[in-house]
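Asker: based on what follows, work out the 3D shape:
(one chain, ligands or ions: 2)
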Amino acid sequence: MATVTSSSKTTLDALPLTQLKGVGAAVAEKLAPLGMHNVQDVLFHLPFRYQDRTQLLPIGALQPGQEAVIAGEVVMADVVIRKRRSLLVRIADGTGSLTLRFFHFSQKQVQQFSRGTRLQCFGEVRRGPGMLEMVHPEYRLQTQGAALQDTLTPFYPTTEGVQQPTLRKLTDQALALLDKHDLVDLIPVSMLTEAALPDLVSALKIVHRPPPNADVNALMDGMHPALRRLALEELVAHRLGLRLLRVEAQKNAAPMISPAGKLATNILASLQFQLTGAQQRVLDEVLQDMQTGEPMLRLVQGDVGAGKTIVAALAAAQAVEAGFQVALMAPTEILAEQHLLNFTEWFEPLGISVGWLSGKLRVTQRRSAIEAVAMGRERIAVGTHALFQNDVEFENLGLAIIDEQHRFGVHQRMALRNKGANDNTLPHQLIMTATPIPRTLAMTAYADLDCSIIDELPPGRKPVTTVAIETTRRSEVVAGVAKAITEGRQVYWVCTLIEESESLQAEAAEDTIAMLDEALPNARIGLVHGRLKSRDKDAIMQAFKSKELDLLVATTVIEVGVDVPNASLMIIENAERLGLSQLHQLRGRVGRGSAQSSCVLLYQAPLSQNAKERISIMRKTNDGFKIAQKDLEIRGAGEVLGTRQTGLAEFRIAELGRDSDLLDDVSDIADILLASKPANVRGLIRRWIGDEKKDYGGV
Ligand code: ADP
Ligand code: MG
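Answerer: Ligands and ions are numbered 1, 2, ... in the order given. From the prediction side, this is the model:
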């Protein structure tokens, strides 16, 4: 196998596309959106499915849904006019017969199908009236023997102006060029511990042109060794990209921030609690990072309610005391507002004002907020995505805190990081997430970050008791709510819909509140949903927090961050439709105070096996790590990490859950390459991640 230096032949990544027959400047331009810029790129544009045109199947053995090549003799051809005028051709091969159905046809075709003519057809078999049929099959008159393919037929993702046949011709040529030119195998075979994995060239040949006996299912679901070889390489490339991000970041200096200060001491003294051991340990790790003069890149994981916010606030206090600004960014308005309340409560008594930047500010408000941040009047700025818009500049940002990381992608992380970048300095970066993920996964997904875990809940938390009740017994649940309210408890009623649409959710919530208003005439009920103006939402949340409301009807907008310790009962509608981590996040809104809390999962029978399992797990445990592990088993990593996680949703063929057994190898290989083969590192990143994402380590 060729290595980077051992060959003098031109490598495929140095051959322009225009070397291929049929590719001029115009076609080359059309191929660019597919990420194809040179001949090597053609080989890394992979099929997403296959057809088997390698063998004739007996008609008698066909199943509906199958794609097949068949051959037979025309028994009968007829133009019929029922709903639509159509040409029906019946063919038979001795094992059975089948109808070919054409809606568009010429007179010439009708004559072509004279009785006794031999045809070879390819198409999808479906159930027709009376017998199986193929609609508009590809067909040829069979004058000589059968014409079959030597390999399975690949289907590629296409783009405007580039059709399947073109892509097949291009890959044919690119595969042929493998004999004359080198494709650099950037992961030496000696590094592969799994012996069954083929070398790169063999893997590509199999994936583009699988032999007739290849296991198509394995090729489609990624379990084929050839695909695993490619997935491994893609994962290595991704990890290298993230590691380089880190290397690049750490070439910068960062503010040196002392770990001891009055501000933090004063905040601690104002609290009604002491830090748990886990909070203290993680805080120490953070403070340790911030005093080194290198940019901190740290992820703090901690279950819902573990107390991440105060850790962030204490880190912020040190940065502010050292003379730097702090940005705190959250993915939703409601969560950002919650942080604003907390930070204001902790910092304003100490004379430090906390600024607010959300997307919903009016133009004039926004302008003055931005000015206050730019001039340095505001030492702490809390907000949503609005914080990293282009027009936001800090006087001297020293620490960027991002909450609920799994909702932000790598690129947003970069954008905020760059806010503080000037003269080769970067702010420290602290990322917090309540989605616990297993170690190997974390190492791949967050390869640019160090990890700390708050693995202990504050004392006195009583696990939330969870029950599941069928919605037909809703009136009993309403009676339970009435009783809880007379006992002075506060209640959440969460309306969920399978549709992501906020407006439908809001409608469902309106219906629910009408029902509850009627059933509970004495209760003070409020409603929050994502369509409310942020001022109104705020007012209602404040009213709930200060016990002016007994019952809060809400959509899943309260999923993250809402903190009302006196609330001790939660009803979740349509619980069977929610994923485990979402249920866990929602349930985490209760059980925050000293009272025994409960959660009612209202469900619609009958439950699927999967839903039964989810609900039973929710009833059995309150442990976010256990729940995350189960979630991973049930749904797979892509889902658990969230599809909004750009950079992770962008794998071409790898799938973190399915390929998790490769991840140890991935990190070993990536480390060796980083240490000893910089050219391979650049090559892999260019091959798999491409040029469009320049911020992956500046390749
Ligand atoms: P999360 O980790 O989910 O962001 P929060 O930071 O919102 O959790 O904290 C949840 C609740 O626990 C808040 O009301 C907070 O004041 C409280 N809390 C945090 N740390 C402690 C502690 N050490 N002891 C008691 N309560 C705490
Ligand atoms: Mg939180």
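
Asker: shaky segments in the stretch 1-150 of the chain?
Answerer: 1-8 (pLDDT under 70).

Asker: try 50
Answerer: Scanning the stretch 1-150 of the chain for pLDDT under 50 picks out the ranges 1-7.

Asker: how about the strands in it?
Answerer: 49-51, 67-81, 85-92, 97-102, 118-127, 132-135, 138-141 (DSSP state E, counting those that start in this stretch).

Asker: the stretch 501-650 of the chain too?
Answerer: Secondary structure of the stretch 501-650 of the chain (DSSP E, counting those that start in this stretch): strands at 525-528, 551-554, 567-572, 598-603.

Asker: contacts for the first one?
Answerer: This points to strand 525-528. 334, 509-510, 513, 516-517, 537, 540-541, 543-544, 549-555, 557-558 (CB atoms under 8 Å, 6 or more residues apart in numbering). Using the backbone N, CA and C atoms, a C-beta is placed for each residue, glycine as well.

Asker: just the CA coordinates of it, formatted as PDB?
Answerer: Taking Å, rounded to 0.1, in the frame of the first residue of the first chain, the C-alpha atoms of strand 525-528 are listed here in PDB:
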ATOM      1  CA  ILE A 525     -53.700  28.900  36.700                       C
ATOM      2  CA  GLY A 526     -51.100  30.400  34.300                       C
ATOM      3  CA  LEU A 527     -50.100  29.400  30.800                       C
ATOM      4  CA  VAL A 528     -46.600  29.600  29.100                       C
END
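
Asker: can you give the strand pairings for that strand, parallel or anti for each?
Answerer: With DSSP bridges as the test, strand 525-528 is paired with strand 551-554 (parallel).

Asker: hmm, who's touching the strand it pairs with?
Answerer: 481, 485, 490-495, 509, 512-513, 516, 520, 523-529, 540, 544, 558, 567.

Asker: could you rerun that using 6 Å?
Answerer: 491-494, 509, 512-513, 523, 525-528, 544 (CB atoms under 6 Å, 6 or more residues apart in numbering).

Asker: same list (those) but as CSV, adding distance to ligand 1.
Answerer: Shown next, in CSV, are the contacts of strand 551-554 (distance: CB to the nearest ligand atom, whole Å):
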residue, distance to ligand 1
491, 18
492, 15
493, 21
494, 17
509, 24
512, 26
513, 26
523, 24
525, 24
526, 20
527, 23
528, 18
544, 14
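
Asker: check the gap between residue 371 and ligand 1 for me.
Answerer: Residue 371 sits at a distance of 30 Å from ligand 1 (criterion: CB to the nearest ligand atom, to the nearest Å).

Asker: compute the first-to-last residue distance for stretch 579-597.
Answerer: This stretch, stretch 579-597, spans 21 Å end to end (CA to CA, to the nearest Å).

Asker: tell me the buried residues in that stretch?
Answerer: Neighbour counts over stretch 579-597 (16 or more other CB atoms under 10 Å) mark 580-593, 595, 597 as buried.

Asker: look at residue 669 and give its secondary structure.
Answerer: Here residue 669 is recorded as helix under DSSP: H, G, I helix; E, B strand; the rest coil.

Asker: and for it, the neighbour number?
Answerer: Applying other CB atoms under 10 Å, we find 25 residues neighbouring residue 669.

Asker: what's the pLDDT at residue 645?
Answerer: pLDDT, residue 645: 38.

Asker: now residue 675
Answerer: Listed pLDDT for residue 675 reads 92.

Asker: ok, the one 5 residues further on next?
Answerer: Residue 680 carries a pLDDT score of 91 in this model.

Asker: secondary structure class of it, three-state.
Answerer: Relying on three-state DSSP, one would call residue 680 helix.

Asker: you'd agree residue 631 is up against residue 582?
Answerer: No - judged on CB atoms under 6 Å, residue 631 makes no contact with residue 582 at a distance of 9.5 Å.

Asker: what's the first-to-last distance across stretch 313-331?
Answerer: This stretch, stretch 313-331, spans 18 Å end to end (CA to CA).

Asker: report whether that stretch contacts ligand 1.
Answerer: No - contact of stretch 313-331 with ligand 1 (CB under 6 Å from any ligand atom) is absent, the minimum separation being 8.9 Å.

Asker: name the surrounding residues that touch that stretch.
Answerer: Outside stretch 313-331, the residues touching it (CB under 6 Å, 6+ apart) are 255, 257, 261, 263-264, 267, 283, 286, 336, 339, 346, 379-382, 387, 394, 396-404, 407.

Asker: next: stretch 81-96.
Answerer: Applying CB under 6 Å, 6+ apart, the external contacts of stretch 81-96 come out as 58-60, 72, 74-80, 97, 99-103, 105, 113, 119.

Asker: identify each buried residue in that stretch, please.
Answerer: Quick answer for stretch 81-96 (16+ other CB under 10 Å): 86-91, 93, 96.

Asker: quick check, stretch 463-478 touching ligand 1?
Answerer: No - for stretch 463-478, no contact with ligand 1 is found by CB under 6 Å from any ligand atom; the gap never falls below 13.6 Å.

Asker: can I get that stretch in CSV? Just the C-alpha atoms.
Answerer: Extracted in CSV, the C-alpha atoms of stretch 463-478 (Å, rounded to 0.1, in the frame of the first residue of the first chain):
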residue,chain,number,x,y,z
PRO,A,463,-36.2,11.1,44.3
VAL,A,464,-39.3,12.0,42.3
THR,A,465,-42.0,9.3,42.6
THR,A,466,-43.2,8.5,39.1
VAL,A,467,-46.4,6.8,38.1
ALA,A,468,-48.0,6.1,34.7
ILE,A,469,-51.7,6.6,34.3
GLU,A,470,-53.9,6.0,31.2
THR,A,471,-55.5,9.2,29.9
THR,A,472,-58.9,7.7,30.3
ARG,A,473,-58.4,8.3,34.0
ARG,A,474,-57.6,11.9,33.6
SER,A,475,-60.4,13.0,36.0
GLU,A,476,-58.7,11.2,38.8
VAL,A,477,-55.5,13.0,38.0
VAL,A,478,-57.3,16.3,38.0
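
Asker: now it: average pLDDT?
Answerer: For stretch 463-478, mean pLDDT rounds to 95.

Asker: need the residues of the stretch 401-550 of the chain near ligand 1, please.
Answerer: Residues of the stretch 401-550 of the chain lying close to ligand 1 (CB under 6 Å from any ligand atom) are 434, 458.

Asker: give me the three-state assignment for the residue in the stretch 401-550 of the chain that ligand 1 sits nearest to.
Answerer: Relative to ligand 1, the nearest point of the stretch 401-550 of the chain is residue 458 (3.2 Å; CB to the nearest ligand atom). Judged by three-state DSSP, the three-state class of residue 458 is coil.

Asker: ok, the closest residue to residue 603 other than its chain neighbours to residue 582 distance?
Answerer: Excluding the flanking residues, the one nearest residue 603 by CB to CB, 6 or more residues apart in numbering is residue 576, at 4.2 Å. According to CB to CB, to the nearest Å, residue 576 and residue 582 sit 12 Å apart.

Asker: likewise for residue 523?
Answerer: Noted for residue 523: a distance of 26 Å to residue 582, by CB to CB.

Asker: helices - which of the contacts of strand 525-528 land there?
Answerer: Among the contacts of strand 525-528, the ones falling in helices (DSSP state H) are 334, 509-510, 513, 516-517, 537, 540-541, 543-544.
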